[in-house]
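Undergrad: sequence plus the predicted model coming up.
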Amino acid sequence: MLTISSKKGITQREQTFEDPLLFVNSSRPRVFEGEKRCVIIGARVHPGEVPGSHVMCGIIDELTESSRLAEALRDNFIFYIMPIFNPDGVARGHFRVDINGINLNRCYINPSPK
């Protein structure tokens with residue numbers, strides 16, 4: 001996961017999540033004070049959604065620019081970005097499923113940690 005924001009309102013406290021394995025061997029995002037809203041952007045739940053990668057690259061490029069618009073967005077929002085929700089399916093060239101043959105877009109009602 002990629003977090004994009006400015007340092008406006010940043011604290012020294014780390015964001016905590018229910019799953020301790022979510023940020024293994026990496027730094028956790030910081031907690032922000034104030035009215036920053038979160039925007040979650042994801043792509044490639046289905047590996048065959050190649051245009052999603054193109055759009056995601058454009059979004060990341062735009063949010064990291066030094067333009068006034070990008071600075072205003074970073075000052076007012078925290079963007080949590082998952083560029084590829086299904087990396088194992090993408091790596092194996094699958095069209096809709098992950099390494100276990102599961103369509104990740106169909107397992108939200110009763111998800112399993114496995």
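TA: Now that the structure is in, tell me what you want to look at.
Undergrad: pairing partners for the helix or strand bottoming out on mean pLDDT in the chain, with directions?
TA: The helix or strand of the chain with the poorest confidence is strand 30-32; it has a mean of 76 (mean pLDDT, DSSP states H and E). Sheet pairing of strand 30-32 (DSSP bridges) gives strand 10-14 (antiparallel).
Undergrad: ok, residue 79 touching residue 6?
TA: No - contact between residue 79 and residue 6 fails when scored by CB atoms under 8 Å: they sit 10.7 Å apart. Bear in mind the C-beta positions are built from the backbone N, C-alpha and C, glycine included.
Undergrad: ok, now which ones touch residue 90?
TA: 44, 47, 84 (CB atoms under 8 Å, 6 or more residues apart in numbering).
Undergrad: which element, helix or strand, includes it?
TA: helix 87-91 (DSSP states H and E).
Undergrad: now that helix: buried residues?
TA: 89-90 (16 or more other CB atoms under 10 Å).
Undergrad: the protein: strands as residue ranges?
TA: Listed in chain order, the strands of the chain (DSSP state E) span 2-4, 10-14, 30-32, 37-42, 77-82.
Undergrad: adding distance to residue 71 and mean neighbour count, write those strands out as TSV.
TA: What follows is those, written out as TSV (distance: least, CB to CB, whole Å; neighbours: other CB atoms under 10 Å):
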stretch	distance to residue 71	mean neighbour count
strand 2-4	12	15
strand 10-14	15	11
strand 30-32	16	17
strand 37-42	16	12
strand 77-82	11	18
